[in-house]
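Q: kindly generate the corresponding structure for this input.
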Amino acid sequence: MKPYILGVKGSDHINIMDLEQTKLFLIKALDFVAELTKEGKTILLVGTKIPIKKLVRETAEACDLPYVVQRWIGGALTNFKIIRKRIDHFKDLEKKKESGELEKYTKKERLEFDKEINKLSVKFGGIKDMEKLPDALIVLDMCKDELAIKEAKMKEIKIIAIADTNVDPTKVDYPIPANDDAITSVKYILEKFKSVILENKPKK
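A: Okay, the predicted model is just below:
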């Protein structure tokens, strides 16, 4: 990350990002996201740190993107067919509950179904409508979601990611040098992605 660091501040040796570099890399990432969006490609938004979960979910829902805010599920990309079967089961249970089909079961059995639906919703709620592997990932913390990056690389899926000073930016295709611990920084970047996606979405 040396080329993206302007200097060091204070006795705590806090690295100061070169914001001009951040701006240039962010523009590259936004241009790529704009192209993907115009082509109707699928972008998976990944942000599992507790302070940003709500922000990630709101951004994803506003842009109609699949998202992951809980712990990354191993095999979510590399074993997508198996994961998809679990999601189909989850959607089937949801459908049966909505249609009243589960009413024929005992109260105890219905409670068990509710528990299962809630559990599956936590795990798969953000990706339940993702019918195929995504064309790209936006990852908001390269350390926290290292497994997501590893799986995306194995499946040759493009990766856009915030790259803080403690990571190797060459592990992703479109790094954005920025502080992934600063909520204001993450929010600003997400707002930029949101604007670009909404501007470039194909009209229905």
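Q: what residue ranges in the protein are flagged as low confidence?
A: Residue ranges of the chain with pLDDT under 70: 1-19, 204.
Q: domains in the protein, as residue ranges please.
A: When the chain is parsed with automatic domain parsing, its domains come out as 2-74+133-200, 80-127.
Q: can I get those domains in a markdown table including mean neighbour count?
A: C-betas here are computed from N, CA, C, even on glycine. Formatted as a markdown table, the domains of the chain follow (neighbours: other C-beta atoms under 10 Å):
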| stretch | mean neighbour count |
| --- | --- |
| domain 2-74+133-200 | 17 |
| domain 80-127 | 14 |
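Q: for Leu26, which non-adjacent residue is closest in space?
A: Of all residues not flanking Leu26 in the chain, Ile176 sits nearest, at 5.1 Å (C-beta to C-beta, 6 or more residues apart in numbering).
Q: assess the claim that that neighbour and Ile27 are in contact.
A: No: using C-beta atoms under 8 Å, Ile176 is not in contact with Ile27, being 9.7 Å away.
Q: now the helices for this protein?
A: Assigned by DSSP state H, the chain shows helices spanning 19-38, 53-63, 80-99, 107-124, 146-154, 183-200.
Q: ok, residues contacting the second one?
A: So that's helix 53-63. 45-47, 65-67, 69, 126, 140, 183, 186-187, 190-191, 193-194, 197-198, 201 (C-beta atoms under 8 Å, 6 or more residues apart in numbering).
Q: let's see it at 10 Å
A: Around helix 53-63, the neighbours that count as contacts under C-beta atoms under 10 Å, 6 or more residues apart in numbering are 33, 37, 43-49, 52, 65-70, 125-126, 138, 140, 183, 186-187, 189-191, 193-198, 201.
Q: how far away from the center of its chain is it?
A: Its chain's C-alpha centre and that of helix 53-63 lie 9 Å apart, by C-alpha atoms, centre = their mean, to the nearest Å.
Q: go on, the fifth one?
A: Here the centre of mass of C-alpha atoms in helix 146-154, compared against the chain's by C-alpha atoms, centre = their mean, lies 12 Å away.
Q: using PDB, write out every CA atom in it.
A: Extracted as PDB, the C-alpha positions of helix 146-154 are listed here (Å, rounded to 0.1, in the frame of the first residue of the first chain):
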ATOM      1  CA  GLU A 146     -10.800 -12.500   2.700                       C
ATOM      2  CA  LEU A 147     -12.700 -15.700   2.000                       C
ATOM      3  CA  ALA A 148     -15.100 -14.000  -0.300                       C
ATOM      4  CA  ILE A 149     -12.200 -12.600  -2.300                       C
ATOM      5  CA  LYS A 150     -10.400 -16.000  -2.400                       C
ATOM      6  CA  GLU A 151     -13.600 -17.700  -3.700                       C
ATOM      7  CA  ALA A 152     -14.200 -14.900  -6.300                       C
ATOM      8  CA  LYS A 153     -10.600 -15.300  -7.600                       C
ATOM      9  CA  MET A 154     -11.100 -19.000  -7.900                       C
END
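Q: tell me the contacts of the closest residue to Asp164 other than its chain neighbours?
A: Using C-beta to C-beta, 6+ apart and skipping the chain neighbours, the partner closest in space to Asp164 is Asp180 (4.6 Å). By C-beta under 10 Å, 6+ apart, the contact list for Asp180 reads 47, 49, 52, 139-144, 161-167, 186, 189.
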